[in-house]
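Q: quick check, what structure comes out for this input:
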Amino acid sequence: MIRRIHLNNRFLRLPDAKSDELSELRTAGKRDNGYPCFLRIQKTENTDDGMKLLTFSQEDISYLEMVNTMAYLESKQDCKNILFMSAIVGRPRWQVFETDAHVILKISPSDLNVIQYGWGCTIACYKRTHRYLKAPVYPWVARAWMDTNMSIFKHGIGCLVSTISHNKCIAMHLGNEEIDIIRKMPQLLAKFGKKNGQYVWESALLDKYLHPDNPFLLSLTSLLIPPHNNDFMYITEEGVQMFKDPWAPEVLRDFYNSRSRHACKDGKTYKLTLRGCPSLYPTLYNYMLSSELSAARSFALFMSVQKKRQVRAAVLGKRDRHGSQLPVKPVDIDRIYADAYRNLLDRTFTTETNICHLAKLLLYIEIRKEYGLPMYKNMPPQEFCKVYSVDMHWEYVQMILCKQTTFDPAVQLPKKSQHYKNLTASEAFPVLTLNAETRKRTMDICGASIYKYFQ
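A: As a prediction, the model looks like this:
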């Protein structure tokens, strides 16, 4: 859907014949229309009315592509705005202008922040964004997780969920109570503690690292995707037995007393659903975080709750299966994170160091596919993650996360850009590009009406 034309005739007001042509073009869904990418912002200016003017070179983006990008961001999916992932009233106050050499976007600072760090996180995770030269994605999601802006945080959740499973739009439908629970995931990972010099969650993840039924990832999916409508979580007999403890919340004890009504046919698992008890999901995960449960029992309860669905398979592309290596990562990315860390040397550590657990988990999930490369065939998962983490700049990113709650992740510009170097999120803007044929056909349909879309 993201690679289609997103112009709405409601704002173009084309005649019926042209409107039909536009509708046909919008529904065509050609995969070769273009792809999302980041572009360099040439200049940023502040206006007297508190807005920002962003200037882009027409060598990088056309007026139509910018309008199409902003049209997508103001569109809706399941009655929720694509950008803010919530219901909004009216249209955003955006304007797009064109000069002989530049395209100019007028936008509020708050909206720009959500686009650069929220939707930018989504675009960074999109597979076509790093098709040629890959910048690491996990710093984006970790940065979104620490952001106080709810829209940015939802984009981070959506990226993590889409990395693990096929539920891409779940973040739009999360309630505030569910979001509060998911935001506590770093604390939960930290509570599990260490065993034999390795984090407990780390050992569980690497145990069946590439398996589509990885038990840890299935349990993590249960936390990230609360059961809605006819969806269920399943809990084992071992987990249900923990509900009978006298210090357990009343909701969980009631479930234990009526567990026979929730038993599955195999007799070993039970259905957990929100329909009968909406407070069950938050109560369960708050109980895992409480001091009433030890680290070992908390981890055992976490692993006893799972979704009956496979996680995303770590499948290599044809080139990689035949022995070629992944594209080399530019040294500029390493420079960006090294410079960012040097600028923070005088800062003290923040209290939210648990975020490093999440960032490391994201890193291990992101590099699962690379473990299938021939060069790592005889290497244990623990050793592979240690070696590959260096290429993914983990040393710098870890220290940056420990010293500040927000930072600028590195972005990769498209290969065709004449400014082919790496920038940070604040210096770039995510856009949807179009190929020459689609641009020409769209302009032939819209004509001068396209210039009124955001005026």
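
Q: wait, Thr353 sits on Cys402?
A: Yes. Counting by C-beta atoms under 8 Å, Thr353 touches Cys402, with 5.3 Å between them. Just so you know, the C-beta spots here come from the backbone N, C-alpha and C atoms, and that holds for glycine as well.

Q: what helices or strands is the strand or helix carrying Met399 leaning on?
A: Assigned by DSSP states H and E, Met399 belongs to helix 394-403. Identification of packing neighbours for helix 394-403 by 3 or more C-beta pairs under 8 Å, 6 or more residues apart in numbering; DSSP states H and E yields helix 138-146, helix 331-342, helix 355-366.

Q: and that helix, what's buried?
A: Buried positions in helix 394-403, judged by neighbour count with 16 or more other C-beta atoms under 10 Å: 394, 396-403.

Q: which one among these gets closest to Leu112?
A: Ile400 (22.3 Å; C-beta to C-beta).

Q: so what's the closest one up against?
A: Going by C-beta atoms under 8 Å, 6 or more residues apart in numbering, Ile400 touches 337, 340-341, 344, 407.

Q: local confidence estimate at it?
A: Here, the pLDDT recorded for Ile400 equals 91.

Q: separation between it and Trp201?
A: 22 Å (C-beta to C-beta, to the nearest Å).

Q: picking that back up, could the buried residues of helix 394-403 go into CSV alongside distance to Leu189?
A: Formatted as CSV, the buried residues of helix 394-403 follow (distance: C-beta to C-beta, whole Å):
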residue, distance to Leu189
Trp394, 16
Tyr396, 21
Val397, 17
Gln398, 14
Met399, 19
Ile400, 19
Leu401, 14
Cys402, 15
Lys403, 20
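
Q: check contacts around the residue nearest the centre of the chain.
A: Centrality entry for the chain: nearest residue to the mean C-alpha point is Cys159, 1.9 Å, by C-alpha atoms, centre = their mean. Shown in contact with Cys159 (C-beta under 8 Å, 6+ apart): 121-122, 124-125, 137, 140-141, 144.

Q: what stretches of the stretch 51-200 of the chain score poorly on pLDDT?
A: For the stretch 51-200 of the chain, the stretches with pLDDT under 70 are 128-134, 168-169.

Q: okay, strands next: where are they in it?
A: 52-57, 76-77, 80-81, 95-98, 102-107, 194-195, 198-199 (DSSP state E, counting those that start in this stretch).

Q: quick one: which of these is nearest Met443?
A: Between Met443 and those, the tightest spacing by C-beta to C-beta is seen for strand 95-98, at 12.4 Å.

Q: what's the closest one packed up against?
A: Looks like strand 95-98 contacts helix 63-73, strand 102-107 (3+ C-beta pairs under 8 Å, 6+ apart).

Q: so the helix holding Met399 versus helix 355-366, what angle?
A: 150 degrees (axes from the mean of the first three to the mean of the last three C-alpha atoms, to 10 degrees).

Q: keeping just the C-alphas, turn stretch 35-47 into PDB.
A: Listed next in PDB are the C-alpha coordinates belonging to stretch 35-47 (Å, rounded to 0.1, in the frame of the first residue of the first chain):
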ATOM      1  CA  TYR A  35      10.100   3.200  -2.800                       C
ATOM      2  CA  PRO A  36      10.500   5.000   0.500                       C
ATOM      3  CA  CYS A  37      13.800   6.600   1.300                       C
ATOM      4  CA  PHE A  38      15.400   9.400   3.300                       C
ATOM      5  CA  LEU A  39      16.500  12.700   1.600                       C
ATOM      6  CA  ARG A  40      18.800  15.400   2.800                       C
ATOM      7  CA  ILE A  41      17.200  18.600   4.100                       C
ATOM      8  CA  GLN A  42      19.100  21.400   2.400                       C
ATOM      9  CA  LYS A  43      18.000  24.200   4.700                       C
ATOM     10  CA  THR A  44      15.700  24.600   7.700                       C
ATOM     11  CA  GLU A  45      14.100  28.000   8.600                       C
ATOM     12  CA  ASN A  46      11.800  29.200  11.400                       C
ATOM     13  CA  THR A  47       8.800  31.400  10.400                       C
END
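
Q: show me which residues of it are buried.
A: By neighbour count with 16+ other C-beta under 10 Å, stretch 35-47 contains the buried residues 35-41.

Q: over to stretch 2-15?
A: Per 16+ other C-beta under 10 Å, stretch 2-15 contains these buried residues: 3-7, 9, 11-12, 14.

Q: what do you get for stretch 422-429?
A: 422-426, 428-429.

Q: let's see which of those end up in strands.
A: In strands, judged by DSSP state E, the following of the buried residues of stretch 422-429 are found: 422-424, 428-429.

Q: Leu272 against Pro278, yeah?
A: No. Applying C-beta under 8 Å, one finds Leu272 not in contact with Pro278, separated by 11.9 Å.

Q: so for these two, which sits in the more crowded spot?
A: Per other C-beta atoms under 10 Å, whichever of Leu272 and Pro278 has more neighbours is Leu272, with 21 against 14.

Q: can you tell me how far the more buried one is from Leu301?
A: Distance from Leu272 to Leu301, by C-beta to C-beta: 12 Å.

Q: and Met66, by the same measure?
A: From Met66 over to Leu301 (counting by C-beta to C-beta), the distance is 50 Å.

Q: one step back: can you say which of the helices and strands packed on helix 394-403 is nearest to Phe243?
A: Among the helices and strands packed on helix 394-403, helix 355-366 comes nearest to Phe243, with 26.4 Å by C-beta to C-beta.

Q: ok now the helix or strand following that closest one, how far from the chain's centre?
A: Where DSSP H and E defines the elements, the next helix or strand beyond helix 355-366 is helix 381-391. In this view, helix 381-391 has its centroid 22 Å away from the chain centroid, taken as C-alpha atoms, centre = their mean, to the nearest Å.

Q: report the buried residues of helix 381-391.
A: Result for helix 381-391 [16+ other C-beta under 10 Å]: buried residues 381, 384-385, 388-389, 391.

Q: just checking, what packs against it?
A: Packing partners of helix 381-391 (3+ C-beta pairs under 8 Å, 6+ apart): helix 200-207, helix 355-366.

Q: hmm, who's touching that helix?
A: 198, 206, 209, 329, 363-364, 367, 370-371, 376, 379, 395.

Q: which SS class is the nearest residue to Lys308 once chain neighbours are set aside?
A: Spatially, and ignoring its direct neighbours in sequence, Lys308 is nearest to Tyr234 (6.0 Å; C-beta to C-beta, 6 or more residues apart in numbering). At Tyr234, secondary structure determined by DSSP: H, G, I helix; E, B strand; the rest coil is strand.

Q: what's the closest non-adjacent residue to Thr348?
A: Leaving out its chain neighbours, the residue that sits closest to Thr348 by C-beta to C-beta, 6+ apart is Lys403, at 7.5 Å.

Q: one more: Pro139?
A: Pro409 is the one closest to Pro139 (C-beta to C-beta, 6+ apart), at 4.4 Å.
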